[in-house]
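Enquirer: Got a predicted structure plus its sequence, pasted below:
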Amino acid sequence: MSSHTPDLSTPQGVVDALLFHGVKPAVLNGVTDEQLSAAYGRAYAAISDKRYEEALEDAVFLVTNDPWSRHHHLALACCLQHLGQHESAGRFYAQAFLMDATDAMCVYRLGECLGALGDLPEAREAFESAVKLSWLDPEQAVVREQAQARLDQLVGMGA
């Protein structure tokens, strides 16, 4: 990154700021870090209490204003998945997975979404990846067991 400060008064300057200077859209929208933290706290609490519809607005706000945080994508994907919007949830899980391609739980959740959409070959591939990735972190043993159970279920279905 250069030390050049982009001119935010022009469309090119805004693109330059977002892509090459790591400026969050929140800065352009006048959203403070405190507002982002508060929204994350509300979303996290609502998701923890299984109030996914309530968390959805904050999760959308977070992804819109700070798309560089994978935790925001995971929060939105979780809400969408639990609200039955599997295709959209899968897209946000995929985006979060691109930000950390070692996250076994993320690819497991993507597999759940793919399975719900009836894309069983892709779901199987996601569960296989979750099993493999789970070996990278001993704390992911539960994910490995869940993914293996889903794989066994798919095999039993002939998928």
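Expert: Sure thing, it's come through. Residues are numbered from 1 along each chain as shown.

Enquirer: measure F92 to A149 for me?
Expert: Counting by C-beta to C-beta, to the nearest Å, the gap from F92 to A149 is 24 Å. Backbone N, C-alpha and C define where each C-beta goes, glycine included.

Enquirer: which of these two has more neighbours?
Expert: More crowded of F92 and A149, by other C-beta atoms under 10 Å: F92, with 27 against 11.

Enquirer: And the pLDDT for that one?
Expert: The per-residue pLDDT reported for F92 equals 98.

Enquirer: do T5 as well
Expert: You'll see T5 listed with a pLDDT of 69.

Enquirer: And for S2?
Expert: At S2, pLDDT is 48.

Enquirer: just L18 next, same as before
Expert: 73.

Enquirer: which residues touch it?
Expert: Listed by C-beta atoms under 8 Å, 6 or more residues apart in numbering, the contact partners of L18 are 25, 28.

Enquirer: cutoff 7 Å now
Expert: Residues in contact with L18, defined by C-beta atoms under 7 Å, 6 or more residues apart in numbering, are P25.

Enquirer: so is it in a helix, a strand, or just coil?
Expert: Here L18 is recorded as helix under DSSP: H, G, I helix; E, B strand; the rest coil.

Enquirer: Please apply the same query to W68.
Expert: Quick answer, by three-state DSSP: W68 is coil.

Enquirer: which residue packs closest to it, ignoring adjacent ones?
Expert: Setting aside the residues directly before and after it, W68 is nearest to K24 in space (C-beta to C-beta, 6 or more residues apart in numbering), at 6.5 Å.

Enquirer: and that neighbour, how many neighbours?
Expert: Neighbours of K24 (other C-beta under 10 Å): 17.
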